[in-house]
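1. Take this sequence and fold it.
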Amino acid sequence: MFRECSSLTSLGLSNFYTGQVTNMSDMFDGCRSLISLDLSSFDTRNVTNIGSMFKDCSSLTSLDLSSFNTSKVTNMSSMFSRCSSLASLDLSNFDTSQVTKMNAMFNDCSSLTNLDLSSFSINKVTTVYIMFLGCRSLTTTITISNPNITSYGSMFSSAATNDGTLIKVNYTTETSELVDQMIATKSSNSNVLKGELVS
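-> Below you'll find the model as predicted:
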């Protein structure tokens with residue numbers, strides 16, 4: 001809808017009804033000048049696809065998604081890809097129990113420092129390639145619980161390369177070997193470590 005509105009700096013959406021919307025993919029993709037975005041009125045209870053929703057919103061420094069209901073979402077691929085000015089992001093309310101695609105979700109979020117993924121379910125996710133590529137300032141912990149993930153190339157390439165950063169990857173008995181392979185995609189100076197065995 002607003003895709004490639006590259007000169008747009010702000011947007012009032014308080015009266016924007018989204019209760020019947022099922023697809024929000026690419027909605028703000030390419031809005032490179034957008035510096036503020038109020039999505040508090042968004043009703044996302046029926047949305048299944050938010051892939052590339054904020055892709056290339058390179059001027060956004062923060063984004064409040066606390067009102068988002070993601071219980072039906074299956075695709076989060078490239079959702080925040082190349083949001084290079086995004087410094088903070090709270091996704092603690094995200095329900096990812098139906099998600100199958102997280103590839104490039106945080107690709108090149110180079111300013112992102114902390115990310116709470118404790119609520120993330122990876123049980124149905126099969127695609128995570130370049131998920132954290134270029135997230136050089138990031139500290140986070142992610143738990144990989146699905147042994148059926150098949151696409152994870154460059155997942156941690158150039159991730160957590162700045163001083164004081166750390167990405168821990170927790171695992172289950174079934175995903176231990178898979179996590180080793182994922183971590184092997186990191187760059188030589190990436191602070192990405194195998195975390196704890198979780199049940």
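2. all contacts plus neighbour counts: C-alpha atoms, from now on.
-> Fine.
3. which residue ranges form the strands in the chain?
-> Assigned by DSSP state E, the strands in the chain fall at 88-89, 114-115, 139-144, 166-171, 192-197.
4. TSV for the ones you listed, including mean pLDDT and mean neighbour count?
-> Below are the strands of the chain laid out as TSV (pLDDT from 0 to 100; neighbours: other C-alpha atoms under 10 Å):
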stretch	mean pLDDT	mean neighbour count
strand 88-89	88	17
strand 114-115	91	18
strand 139-144	96	20
strand 166-171	98	21
strand 192-197	98	17
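5. wait, which of those strands is closest to Ser121?
-> With C-alpha to C-alpha, the closest approach to Ser121 among the strands of the chain belongs to strand 139-144: 8.1 Å.
6. what residues does the closest one touch?
-> Strand 139-144 is contacted from outside by 113-118, 120, 122, 160, 165-172, 175, 179, using C-alpha atoms under 8 Å, 6 or more residues apart in numbering.
7. Quick one, which of the strands of the chain gets closest to Ser36.
-> Nearest of the strands of the chain to Ser36, taken as C-alpha to C-alpha: strand 88-89 at 13.6 Å.
8. which helices and strands does that closest one pack with?
-> The contact analysis (3 or more C-alpha pairs under 8 Å, 6 or more residues apart in numbering; DSSP states H and E) places strand 88-89 against strand 114-115.
9. Can you name every helix or strand that the strand it packs on contacts?
-> Helices and strands touching strand 114-115, by 3+ C-alpha pairs under 8 Å, 6+ apart, are strand 88-89, strand 139-144.
10. ok, residues contacting the first one?
-> Outside strand 88-89, the residues that touch it by C-alpha under 8 Å, 6+ apart are 61-64, 112-115.
11. Strand partners (parallel or antiparallel) of it?
-> Strand 88-89 sits in its sheet next to strand 114-115 (parallel), going by DSSP bridges.
12. now the last one
-> Each strand pairing with strand 139-144, determined using DSSP bridges, is listed with its direction: strand 114-115 (parallel), strand 166-171 (parallel).
13. Would you mind giving those strands as JSON lines with distance to Ser145 added?
-> Listed next are these as JSON lines, based on distance: least, C-alpha to C-alpha, whole Å:
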{"stretch": "strand 114-115", "distance to Ser145": "18"}
{"stretch": "strand 166-171", "distance to Ser145": "6"}
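14. Could you list the low-pLDDT ranges of this protein?
-> Along the chain, segments meeting pLDDT under 70 span 1-14.
15. In it, mark out all the helices, start to finish.
-> For the chain, the helices defined by DSSP state H cover 176-183.
16. Skipping adjacent residues, who's closest to the spatially most central residue of it in space?
-> Nearest to the geometric centre of the chain sits Met105, at 3.7 Å (C-alpha atoms, centre = their mean). Spatially, and ignoring its direct neighbours in sequence, Met105 is nearest to Ser78 (4.1 Å; C-alpha to C-alpha, 6 or more residues apart in numbering).
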